[in-house]
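Need a 3D model of the sequence below.
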Amino acid sequence: MVNCAGCCIAGILIIAVVITTLMITTFHVRPPEIKIIRIVIPQVLLNNKTTPTINIVAEFSVKNPNVASFKYGNSTSLLYYHGNKFGEGHTPSGQAKARRTHNMTMSIEVITSRILTDPNFLHEISSRILTMSSYTKLSGRVKIAKIIKKDVDVTLNCTITANITSQIIIDQKCKKKISL
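The predicted structure is shown next:
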């Protein structure tokens, strides 16, 4: 009788240690990594046309390091030039599968009058290098085995330097704020 009780207690302790180890290592929720891959600036803006609004296309990647998928809701990105907001874009909700990178495209509506009136803009356009700032917030949830549910908020403030001729990002410095 005592021998059977000792075996049951030892079995329960082993199961508790295994579950605790899995919770600390494998099932630990890590924040997704968000990165701006590319920005496509239309020639209309570069040619200094007086179109009231244009669309800049931005490509983002969401890298999910977790063992479960990361589902995120609608997201908003804002573009700034020398501290003045000149563009805003929205992405629909989506999902980054477990340990995969999900790419998404966002169309950002730019109010051209806000950027063309800045005296620095024409100088930067002539040098073919454009520096701007962006603000993006992505909120979502990671569910592991339908037991662990963790809300994740990632806020990204970036300074982006892009070559407007080749449409390639030359430099990107981002400050992340992560809430789990």
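
what phi and what psi does the backbone show at the residue minimising distance to the centre of the chain?
Centroid-nearest residue in the chain: residue 34, 3.1 Å away (criterion: CA atoms, centre = their mean). With angles defined as degrees, to the nearest 10, residue 34 sits at phi -110, psi 140.

Roughly how far does it sit from residue 86?
For residue 34, the distance to residue 86 equals 21 Å [CB to CB, to the nearest Å]. Every residue, glycine included, has its C-beta placed from N, CA and C.

do residue 140 as well
Per CB to CB, residue 140 is found 27 Å from residue 86.

same thing with residue 120?
Distance, residue 120 to residue 86, by CB to CB: 12 Å.

before we move on, what about residue 148?
Residue 148 sits 41 Å away from residue 86, going by CB to CB.

Those two: which has the busier surroundings?
The neighbour count for residue 148 versus residue 86, taken as other CB atoms under 10 Å, is higher for residue 86 (23 against 13).

Quick one: residues contacting residue 10.
Residues in contact with residue 10 (CB atoms under 8 Å, 6 or more residues apart in numbering): none are found.

chain center to the helix or strand hosting residue 13: distance?
Per DSSP states H and E, residue 13 falls inside helix 2-24. Here helix 2-24 is found 41 Å from its chain centre; the criterion is CA atoms, centre = their mean, to the nearest Å.

Please save the CA atoms from that helix in PDB.
Extracted in PDB, the C-alpha atoms of helix 2-24 (Å, rounded to 0.1, in the frame of the first residue of the first chain):
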ATOM      1  CA  VAL A   2       2.800   2.500   1.000                       C
ATOM      2  CA  ASN A   3       4.800   1.300  -2.100                       C
ATOM      3  CA  CYS A   4       1.900   2.000  -4.400                       C
ATOM      4  CA  ALA A   5       1.300   5.500  -2.900                       C
ATOM      5  CA  GLY A   6       5.000   6.300  -3.300                       C
ATOM      6  CA  CYS A   7       4.900   5.300  -7.000                       C
ATOM      7  CA  CYS A   8       1.800   7.500  -7.600                       C
ATOM      8  CA  ILE A   9       3.400  10.500  -6.000                       C
ATOM      9  CA  ALA A  10       6.600  10.000  -7.900                       C
ATOM     10  CA  GLY A  11       4.600   9.700 -11.200                       C
ATOM     11  CA  ILE A  12       2.700  12.900 -10.400                       C
ATOM     12  CA  LEU A  13       6.000  14.700  -9.600                       C
ATOM     13  CA  ILE A  14       7.600  13.500 -12.900                       C
ATOM     14  CA  ILE A  15       4.600  14.700 -14.900                       C
ATOM     15  CA  ALA A  16       4.600  18.100 -13.100                       C
ATOM     16  CA  VAL A  17       8.300  18.500 -13.900                       C
ATOM     17  CA  VAL A  18       7.800  17.600 -17.500                       C
ATOM     18  CA  ILE A  19       4.900  20.000 -17.900                       C
ATOM     19  CA  THR A  20       6.800  22.800 -16.100                       C
ATOM     20  CA  THR A  21       9.800  22.300 -18.300                       C
ATOM     21  CA  LEU A  22       7.700  22.400 -21.500                       C
ATOM     22  CA  MET A  23       5.900  25.600 -20.300                       C
ATOM     23  CA  ILE A  24       9.300  27.300 -19.600                       C
END
